[in-house]
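Visitor: Need coordinates for the following:
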Amino acid sequence: MGKRVFLRLTLVFLFLSSSLLAANSLDLKDFDAYVQKVMSDWKVPGAAIVIVKDGKVVLSKGYGLRDVKNNLPVTEQTLFPIASITKSFTVATLGTLASEGKLDWDKPVREYLPDFRLSDDVLTARVTPRDLVTHRTGLPRHDATWYRSDLTREDMYSRLRYLEPNRDLRREFQYNNLMFMTAGYMAGKLAGSTWEDAVSTRIFKPLGMTSSNFDFGASFKSAADVAHPYRKEVDAENMEDSGTCEPERRHPTISPALGATSDSRSSHSRCVPEHDNHHTAIQLSRAMLHGLRIQPFAYN
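Guide: Numbering: from 1, shown residues only. Reported below is the predicted structural model:
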């Protein structure tokens, strides 16, 4: 039986610290060739890359095609599903709530969600917001619980109590989308709205990310400039490829972990550090736009 490998157009952000780059200049003469080789090696039809150095965008460029059949290139406005990069926006939104005194990263989740419940009473009482977003609650992935499920976010949240942990709290990193769903659910409650509204109000709008949204399926049908998803059919004998496929079914329940869609470059390159010596440009703790700091220091 052939092995199926799902391949999507890739959205890439490279945030390079000044310590990794030349002191006075950035030599990118071989960069295009490098990107094209990597795309060829991984069979990626198209990608968008942003490089930020010393608080300035030094490269913002599309590579390859967003639509292979019609030979359409990746552009500044190309919409991509950003998958688990969405988690960064969930954490940043929680950070804005922390800066307002509405959240303490190290207090029990139960203080903010009184109905929060896991399978173990002691675990339920001890888990903190920091545990949720650092994948250390002791729960394994349990992804089959939400994948292709029609349950609402609140219904899924209420069923967390039936999921068994397999490690002690804070003993091991175990990637968990459901805990990020819970973090997003909590952000919505603390903001007095929903996770979607909280991210839009606290992150997208201040940064001018007008094309960013939470429904790639709708964008794929209506937007003129959108990255087409592709699937590679790998046959064990002849390694033949087959073309495009429909976007994966939406999972709004789990969106705080993986559900955002954004334009490829213009929006994300707005978020740059205030100081030259900061180690990474995407840390929203120093993000400035037109003199507005959208996220004060709140992650320590």
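Visitor: Now do the helices for the chain: every range, in order, please.
Guide: Assigned by DSSP state H, the chain shows helices spanning 31-42, 86-99, 121-126, 129-133, 153-158, 177-191, 195-199, 216-222, 255-258.
Visitor: what sits up against the third one?
Guide: Residues outside helix 121-126 that contact it (CB atoms under 8 Å, 6 or more residues apart in numbering): 108, 110, 116-118, 137-138, 165, 169. The way it works is simple: take the backbone N, C-alpha and C, and place the C-beta from them, glycine included.
Visitor: Buried members of those residues into ChimeraX, please.
Guide: Selection of the buried residues among these in ChimeraX, burial being defined by 16 or more other CB atoms under 10 Å:
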select :108,116,117,118,137,138,165,169
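Visitor: Kindly reformat the contacts of helix 121-126 as CSV containing pLDDT and distance to Ala33.
Guide: Converted to CSV, the contacts of helix 121-126 look like this (pLDDT from 0 to 100; distance: CB to CB, whole Å):
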residue, pLDDT, distance to Ala33
Pro108, 97, 52
Arg110, 97, 54
Phe116, 97, 51
Arg117, 96, 54
Leu118, 96, 50
Thr137, 96, 44
Gly138, 94, 46
Pro165, 94, 47
Leu169, 96, 48
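Visitor: and of the contacts of helix 121-126, the nearest to Thr86?
Guide: When the contacts of helix 121-126 are ranked by distance to Thr86 (CB to CB), Thr137 comes first, at 19.0 Å.
Visitor: residues contacting the closest one?
Guide: Thr137 is in contact with 118, 123, 127, 131, 165, 169, 174, 176, 179, counting by CB under 8 Å, 6+ apart.
Visitor: hmm, 10 Å instead?
Guide: Neighbouring residues of Thr137 by CB atoms under 10 Å, 6 or more residues apart in numbering: 109, 118, 123, 126-128, 131, 160, 163, 165, 167-170, 174, 176, 178-179, 182.
Visitor: Quote the end-to-end distance of stretch 138-158.
Guide: Distance between the two ends of stretch 138-158: 18 Å, counting by CA to CA, to the nearest Å.
Visitor: buried sites along it?
Guide: By 16+ other CB under 10 Å, the buried positions in stretch 138-158 come out as 138-140, 142, 145-146, 153, 156-157.
Visitor: and the helices of the chain, which is most packed in?
Guide: Highest mean neighbour count among the helices of the chain (mean count of other CB atoms under 10 Å): helix 255-258, with a mean of 25.
Visitor: coming back round to it: using TSV, please lay out the helices of the chain together with distance to Leu65 and mean pLDDT.
Guide: Listed next are these as TSV, based on distance: least, CB to CB, whole Å; pLDDT from 0 to 100:
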stretch	distance to Leu65	mean pLDDT
helix 31-42	10	93
helix 86-99	24	93
helix 121-126	48	96
helix 129-133	35	97
helix 153-158	35	92
helix 177-191	30	95
helix 195-199	29	93
helix 216-222	15	73
helix 255-258	24	76
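Visitor: Can you add distance to Gly62 and give the ones you listed back as CSV?
Guide: Formatted as CSV, the helices of the chain follow (distance: least, CB to CB, whole Å):
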stretch, distance to Gly62
helix 31-42, 10
helix 86-99, 21
helix 121-126, 46
helix 129-133, 31
helix 153-158, 34
helix 177-191, 29
helix 195-199, 25
helix 216-222, 17
helix 255-258, 23
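Visitor: among those, which is nearest Gln77?
Guide: Using CB to CB, those put helix 216-222 closest to Gln77, at 11.3 Å.
Visitor: Which residue ranges of this protein form strands?
Guide: Using DSSP state E, the strands of the chain run over 3-7, 10-11, 14-15, 46-53, 56-67, 72-73, 79-83, 230-234, 260-263, 288-289, 292-293.
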